[in-house]
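J.: Requesting a structural model of the entry that follows:
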Amino acid sequence: MVVTQADGAERGSAGNPQLQRGEYLVDHVSMCVECHTPRDEEGRLLKNEYLKGAPVPVKPPAYGKTKWALKAPNIAGLPGYSEEEGVRLLTDGISRDGRLLDPPMPQFRLNREDAKAVVSYLKSLK
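T.: Sure, this is the predicted structure:
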């Protein structure tokens, strides 16, 4: 996917195998777009807001006291995360401040190579 940024510049993964792998994992395996990209009134993803954060489209369970994330943060550019912190999140399921993320965010257990590809791709989307 080539994403047009607000300044009109295009970012994409063409020609870079690591970024292509990261893009594939983000869009087709981890499905980050489903929660981290806002939707229009009809539920369609707003491509011009790709991975910029959005209300979580999954309602919390009606039972128990599960802490539930109501908003998925902006992950385009992976703001606030170093490369190593991003890799740890995706390999060990631990955030930069040492906690597990609130559901419905999955506790990913990617291998290090795939995690690095995802982090590189997300960081390329500044």
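J.: Could you pull up phi and psi at residue 45?
T.: phi -60, psi 140 (degrees, to the nearest 10).
J.: which ones are touching the residue nearest to it when sequence neighbours are not counted?
T.: Excluding the flanking residues, the one nearest residue 45 by C-beta to C-beta, 6 or more residues apart in numbering is residue 37, at 4.9 Å. In short, each C-beta sits where N, CA and C put it, glycine included. Contact analysis of residue 37 by C-beta atoms under 8 Å, 6 or more residues apart in numbering lists 45, 46, 47, 49, 50, 51, 52, 54.
J.: distance of residue 37 from residue 14?
T.: Residue 37 is 20 Å from residue 14, where distance means C-beta to C-beta, to the nearest Å.
J.: now residue 39
T.: Here residue 39 is placed at a distance of 26 Å from residue 14 (C-beta to C-beta).
J.: Looking at these two now, which is surrounded by more residues?
T.: Using other C-beta atoms under 10 Å, the more surrounded residue of residue 39 and residue 14 is residue 39, with 14 against 10.
J.: on that earlier part again, can you tell me which of the contacts of residue 37 are buried?
T.: Buried members of the contacts of residue 37, scored by 16 or more other C-beta atoms under 10 Å, are 49, 50, 51, 52, 54.
J.: what about the fourth one, which SS state?
T.: Assigned with DSSP: H, G, I helix; E, B strand; the rest coil, residue 52 falls in the coil class.
J.: Need the per-residue pLDDT for the nearest residue to it once chain neighbours are set aside.
T.: In space, residue 52 comes closest to residue 74 once its chain neighbours are excluded; the distance is 5.0 Å by C-beta to C-beta, 6+ apart. Residue 74 carries a pLDDT value of 97.
J.: packing partners for the helix or strand that contains residue 18?
T.: Take DSSP states H and E as the rule and residue 18 turns out to sit in helix 17-24. Helix 17-24 is packed against helix 112-123, with contacts defined by 3 or more C-beta pairs under 8 Å, 6 or more residues apart in numbering; DSSP states H and E.
J.: So which other helices or strands are in contact with the helix it packs on?
T.: If you count contacts as 3+ C-beta pairs under 8 Å, 6+ apart, helix 112-123 packs onto helix 17-24, helix 83-92.
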